[in-house]
Each structure stands twice: as structure tokens, then as C-alpha cells.
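Novice: Kindly generate the corresponding structure for this input.
(chains A and B)
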Amino acid sequence: KQEVTQIPAALSVPEGENLVLNCSFTDSAIYNLQWFRQDPGKGLTSLLLIQSSQREQTSGRLNASLDKSSGRSTLYIAASQPGDSATYLCAVYNQGGKLIFGQGTELSVKP
Amino acid sequence: DAGVIQSPRHEVTEMGQEVTLRCKPISGHDYLFWYRQTMMRGLELLIYFNNNVPIDDSGMPEDRFSAKMPNASFSTLKIQPSEPRDSAVYFCASSLAGLGSNQPQHFGDGTRLSIL
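Specialist: Numbering: from 1, shown residues only, chains lettered A, B, ... in the order given. Take a look at the predicted model:
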């Protein structure tokens, strides 16, 4: 059974810091992995999607990496800003046809 | 682009009542997804449709839950009868392609459901 774990559960950093969010999964037979952002009272916004054949994706200040063999993904945020404050979720779509979400990392960037 | 539109935004009702949640996907998106989010269980995929046809409903918790998509621009998630443990935020999302593709899902703002 696929399990997705995100560490840390919460993170507070000063503005301008570079930071890394972690996501691990137990079953490496996946189609893809996605990182989402969720603002309070809102739905999810897709940030980056990495197909199983890819190792990383970049969008602006965000970079996501995928290491299928070790069951890990990281989301790197460069030069963090207060507007980056949100909950970040990773989700894995595995070859059993299931989409499994982690519990999320709540990020707070202090001005 | 109006995005995915869900209604109502909030619903409070007494247990035993029928609840109907509504979703309008983004025009042109062939896939529609229903999710439930709770503190205890996180975000769970309940069911998804492709071209108005249910593809996978294995996440639907029990027979009290049903979902329909009568046309490409409208879907409902119904709970009958409702129970307090159904209290959650229910999200609808749509996408150009399926879960294994490189196409992202676009989420609505959700319906916050409280069953008393």
C-alpha cells in the first residue's frame, strides 16, 4: 500500500531564505508526482508535475526533484517571500491507479 | 477563464438530510475529479469521470455517496442520508487529461460541509 509522508509538518523561515520541503513514498512504481500549494480556504494549485521518467522540473523560484529508487522528492524554494506562505502538498499517482496525497507542510515566511 | 466553480461554498445541515454538492468544470476539460479533505485523513480522491463517464469510484466511502455527470459542464456529488462524519471540505477539480498525464488538475475553492 502506497504511503506518502511529508517532513516537516510545519516550517517557519525568515524572508529571503532558501528552503527544502521533503516528500517520501513507499512504492516506487509511480506514473508521476505532483507538488501543490493550498492557501487557506482555497483549493489546490498545481505547482510542478514530474513524470516518472524525469528527475526534476523547474518553474521560476521552484525546483522539484524526483528520485524514484529511493522514494523521495524535494521541493526547493529559492529566495522565499511572505507570499509563499501556504500549505504544500505532494501527491503520487502510482501504477496501481491510485492517487495518494501527503499530509502537507505548512510554510510560514516571515517578513 | 472562470476556473472550476463549486456551489455552495458552505453547507450546514442536520444529520439524515440529503446533501447535494455541485461543480462546473473548466470548459474543454474532459476529466472531472471529486475529493474530500479532512484533518484526520487528509485529501482523498473519491471518484473521477472521463467524458462524463465514471472511471474509478473506488474512493467513494459508502453507498450513501453518489456522483453524476449528466453533461460536460455539470457534476453533482450527493450524500443521502448525511452523517456527522461526512463533515469535510469537498473539492472538485478538472483537467485536460488523466492522472498519469503531464496535465495539471485545476481545483475549485471547495464546499465546506458541516453535518450537525
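Novice: Report how many residues lie close to B:Thr83.
Specialist: Heads up, residue B:83 is Glu, not Thr. Applying other CB atoms under 10 Å in any protein chain shown, we find 12 residues neighbouring B:Glu83. All C-beta spots, glycine's among them, are computed from the backbone N, C-alpha and C.
Novice: most remote residue from chain B's center?
Specialist: The outermost residue of chain B, judged against the average C-alpha position, is B:Asn102 (21.6 Å), by CA atoms, centre = their mean.
Novice: List the beta-bridge partners for residue 33.
Specialist: Unless you meant another one, I'm taking chain A. The partner list for A:Leu33 in beta bridges (DSSP bridges) reads A:Ile50, A:Val92.
Novice: try again with chain B
Specialist: B:Tyr48, B:Ala93.
Novice: number of nearby residues for the residue nearest to A:Arg72 when sequence neighbours are not counted?
Specialist: Closest residue to A:Arg72 apart from its sequence neighbours, by CB to CB, 6 or more residues apart in numbering or on different chains: A:Ser24 at 5.1 Å. A:Ser24 has 18 neighbouring residues, counting by other CB under 10 Å.
Novice: Could you give me the buried positions within the helix or strand where A:Ser24 lies?
Specialist: Element membership of A:Ser24 [criterion: DSSP states H and E] is strand A:19-25. Counting neighbours by 16 or more other CB atoms under 10 Å in any protein chain shown, one finds that the buried residues in strand A:19-25 are A:Leu19, A:Leu21, A:Cys23, A:Ser24, A:Phe25.
Novice: pretty sure the second one contacts A:Val13?
Specialist: Meaning A:Leu21. No - A:Leu21 is beyond contact range of A:Val13, at 11.0 Å (criterion: CB atoms under 8 Å).
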